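*Asks:* Need the 3D shape of this:
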Amino acid sequence: MVDVIRTIDRVGKWSLNRAVGRRRPLIAVFSLTHYCNYFCPMCPFGDSDKQGQIKLASKNDLTTEQWKSIFDKVSKYCIWSIIEGGEPTSRPDFMELVRHLDSLKLPITLITNCSLLHTIDLDELKRHIQFITCSIDSVFEESYCKVRGVTPQTYQRVMQNLQILNEHGVPHTFNSVITKFNTREFIDKSYFRKAKDLGVNSVSLTFVEDRSDVDYTLLPDRDTIVQVCKSVLEHIQSREDPQVMIPLQYFEQIIEHGRGMYDECGVWKSIFVNGNGTVMVPCWKYSSPQNTYSLLEKSVEEIWSAPQWEIAKTCHDCQVLGCIWYSSQPVTTFAQNYMMGLSKMISQRAPEAVEQS
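*Replies:* All right, here's what the predicted structure looks like:
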């Protein structure tokens, strides 16, 4: 369970830094590897040349000890950690890294496509993490395979692994990136019904933010986006499970304005560490050598004092990306959803606690 005293301490230090005008991260995101076994068109890790990607990961991914060193640095600031990839469970040392993060009392969310979970000791995993976020963009085979670029056999393997999570009592939630390929199941709400049948009581949703390095769009047309938002709002207001973890204001603003609204980009509230140990300031959209810092060589203090963070004050390039919208909201919205997420997590773990008592 979350160490409340540690969390209060980190939030207190973060608030003091804010009071004197210093930006510091609160959430840690660790992209453990450059490799992913999927082919998602909305993701840079969806590279079709998997052999080339494996070579890239072998050359550039941090070693076990290097990641541990970075975990040690970051844990002094953050109240939560997210481990993702590429596909993080593809690393042979995945469980060793999880154990180390847990030893630092840094709560962990694992984001995974779930295709390799059958290769992991799930009973041990659930002792070290708070919950798993399963990247389930669609609950139907045809659209899932289209969005993710995988075979029906992979879809069936993922469905089996979701059942294994239920059998082992591992708390988990679904996350979906809404593209033009999977809107129907949100408009007719079948995504929510099947997600509940698959054993989850919470989901997170965000529209795709088109990549700047490709010449295609995956974003649905405006009318379809509005239909999706209205349907999601109806589900939120019904108070039925699964609960939507993104606040309703996100969907309301997209209906009204065609985008999420925020005064200043809050990307600096998270420290996003790439598979090679670098941090791009202020974010991946400004990827260049002069905006890239190595966390192996620099301290968090040095990186978060870099002048490039000033870009975040005026940049509004991300229009519908839920994580950017969320981090850019007032701290009260952030805290409210954080506590809501904790309550859901506790409710998922309650049956296990009863069994052990």
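*Asks:* I'd assumed residue 134 was in a strand, is it?
*Replies:* Yes - assessed by DSSP: H, G, I helix; E, B strand; the rest coil, residue 134 belongs to a strand.
*Asks:* That one is in contact with residue 176, isn't it?
*Replies:* No - using C-beta atoms under 8 Å, residue 134 is not in contact with residue 176, being 9.7 Å away. C-beta: built from backbone N, CA, C; applies to glycine.
*Asks:* quick one: residue 124 from residue 92, how far?
*Replies:* Distance of residue 124 to residue 92, given as C-beta to C-beta, to the nearest Å: 15 Å.
*Asks:* what about the helices in the stretch 201-350 of the chain?
*Replies:* Ranges of helices within the stretch 201-350 of the chain are 222-238, 248-257, 300-303, 322-327, 331-356, based on DSSP state H, counting those that start in this stretch.
*Asks:* centre of the chain versus the shortest one, how much separation?
*Replies:* Think helix 300-303. Centroid separation between helix 300-303 and its chain, computed with C-alpha atoms, centre = their mean, to the nearest Å, is 23 Å.
*Asks:* Can you tell me what sits against it?
*Replies:* Identification of contacts with helix 300-303 by C-beta atoms under 8 Å, 6 or more residues apart in numbering yields 24-25, 73-74, 76-77, 271, 279, 281, 293, 295.
*Asks:* picking up where we left off before, of residue 124 and residue 92, who's got more company?
*Replies:* Using other C-beta atoms under 10 Å as the criterion, residue 124 and residue 92 rank with residue 124 on top: 12 against 7.
*Asks:* May I have the secondary structure class of that one?
*Replies:* helix.
*Asks:* mind listing what it touches?
*Replies:* Contact partners of residue 124, counting by C-beta under 8 Å, 6+ apart, are residue 95.
*Asks:* Distance check, it against residue 261.
*Replies:* Counting by C-beta to C-beta, the separation of residue 124 from residue 261 is 43 Å.
*Asks:* If you average pLDDT over each of the helices of the stretch 201-350 of the chain, which is lowest?
*Replies:* Lowest mean pLDDT within the helices of the stretch 201-350 of the chain: helix 331-356, at a mean of 54.
*Asks:* Let me see the ranges of the strands in this protein.
*Replies:* Counting by DSSP state E, one finds strands in the chain at the ranges 27-31, 80-84, 108-112, 131-135, 172-178, 202-207, 243-244, 270-273, 278-280, 292-294.
*Asks:* Mean neighbour count for the ones you listed - can I get that in CSV?
*Replies:* Converted to CSV, these look like this (neighbours: other C-beta atoms under 10 Å):
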stretch, mean neighbour count
strand 27-31, 22
strand 80-84, 22
strand 108-112, 21
strand 131-135, 22
strand 172-178, 24
strand 202-207, 22
strand 243-244, 18
strand 270-273, 21
strand 278-280, 21
strand 292-294, 16
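*Asks:* still on that earlier bit, ok, so of the contacts of helix 300-303, who is nearest residue 52?
*Replies:* Checking those against residue 52 by C-beta to C-beta gives residue 279 as the nearest, at 24.5 Å.
*Asks:* Any quick ChimeraX command for the buried ones out of the contacts of helix 300-303?
*Replies:* Selecting only the buried entries of the contacts of helix 300-303 in ChimeraX, with 16 or more other C-beta atoms under 10 Å as the criterion:
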select :24,25,73,74,77,271,279,281,293,295
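*Asks:* Which two of the contacts of helix 300-303 have the greatest separation?
*Replies:* 76 and 281 (19.2 Å).
*Asks:* Show the contacting residues for the nearest residue to residue 132 once chain neighbours are set aside.
*Replies:* What sits nearest to residue 132 in space, not counting adjacent residues and going by C-beta to C-beta, 6 or more residues apart in numbering, is residue 172, at 4.1 Å. Shown in contact with residue 172 (C-beta under 8 Å, 6+ apart): 131-134, 162, 165, 199-200.
*Asks:* Using JSON lines, lay out those together with distance to residue 233.
*Replies:* Shown next, in JSON lines, are the contacts of residue 172 (distance: C-beta to C-beta, whole Å):
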{"residue": "131", "distance to residue 233": "25"}
{"residue": "132", "distance to residue 233": "27"}
{"residue": "133", "distance to residue 233": "22"}
{"residue": "134", "distance to residue 233": "23"}
{"residue": "162", "distance to residue 233": "26"}
{"residue": "165", "distance to residue 233": "29"}
{"residue": "199", "distance to residue 233": "24"}
{"residue": "200", "distance to residue 233": "20"}
